[in-house]
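> just coords:
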């Protein structure tokens, strides 16, 4: 976020942006607000309102908003996935494929299920905890920046 704000305002780098200061305090007006919004639209792929910096007055507040837009909570992600599976179930029930197509569909579904089962990861999350413990501050900031498309 600070990289984008610095670019819009012509600052030398993201470290010169205080994420707790309001956009109006650092010099944002309606034109720079639209420029930031356009940059974030392109970076995140999320369609954002022109009033973004007025609705979320600090970079920190805007990051929290974008996090919610980009990373849906687990409950809504699961609900969405289950709805898609319901749709797939209905499609399969209504399909009348010949033997060859039925075999292709079965193979694809089995491959998806195998991939789903293989991607479970460690049961206790120990691998993630160990990675976090050994990560430097720069590693963590790089990860966060890449996740939000801001670095």
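Cool, the structure landed. Only a predicted model underlies this, so the values are computations on that prediction, with no experimental measurement involved.

> show the pLDDT at residue 122.
Per-residue confidence for residue 122 comes out at a pLDDT of 54.

> what's near enough to touch residue 54?
By Cβ atoms under 8 Å, 6 or more residues apart in numbering, the contact list for residue 54 reads 23, 33. To be clear about C-beta, it is placed using only N, CA and C from the backbone, and glycine gets the same treatment.

> output the lowest mean pLDDT helix or strand found in this protein.
In the chain, no helix or strand scores lower on mean pLDDT, DSSP states H and E than helix 126-134, which sits at a mean of 66.

> beyond that helix, next helix or strand please.
Counting by DSSP states H and E, the next helix or strand C-terminal to helix 126-134 is helix 137-147.

> helices or strands up against that next one?
For helix 137-147, there is no helix or strand it packs on, judged by 3 or more Cβ pairs under 8 Å, 6 or more residues apart in numbering; DSSP states H and E.

> for it, the distance to its chain's centre please.
Offset of helix 137-147 from its chain centre (Cα atoms, centre = their mean, to the nearest Å): 14 Å.

> buried stuff in it?
Going by neighbour count (16 or more other Cβ atoms under 10 Å), nothing in helix 137-147 comes out as buried.

> average pLDDT for it, rounded please.
In this model, helix 137-147 has a mean pLDDT of 74.

> just use 16 as the starting number from now, easier for me
With 16 as the first residue, the last one maps to helix 152-162.

> distance of the residue nearest the centre of the chain from residue 39?
Among the residues of the chain, residue 85 comes closest to the average C-alpha position under Cα atoms, centre = their mean, at 3.5 Å. Taking Cβ to Cβ, to the nearest Å as the measure, residue 85 falls 25 Å from residue 39.
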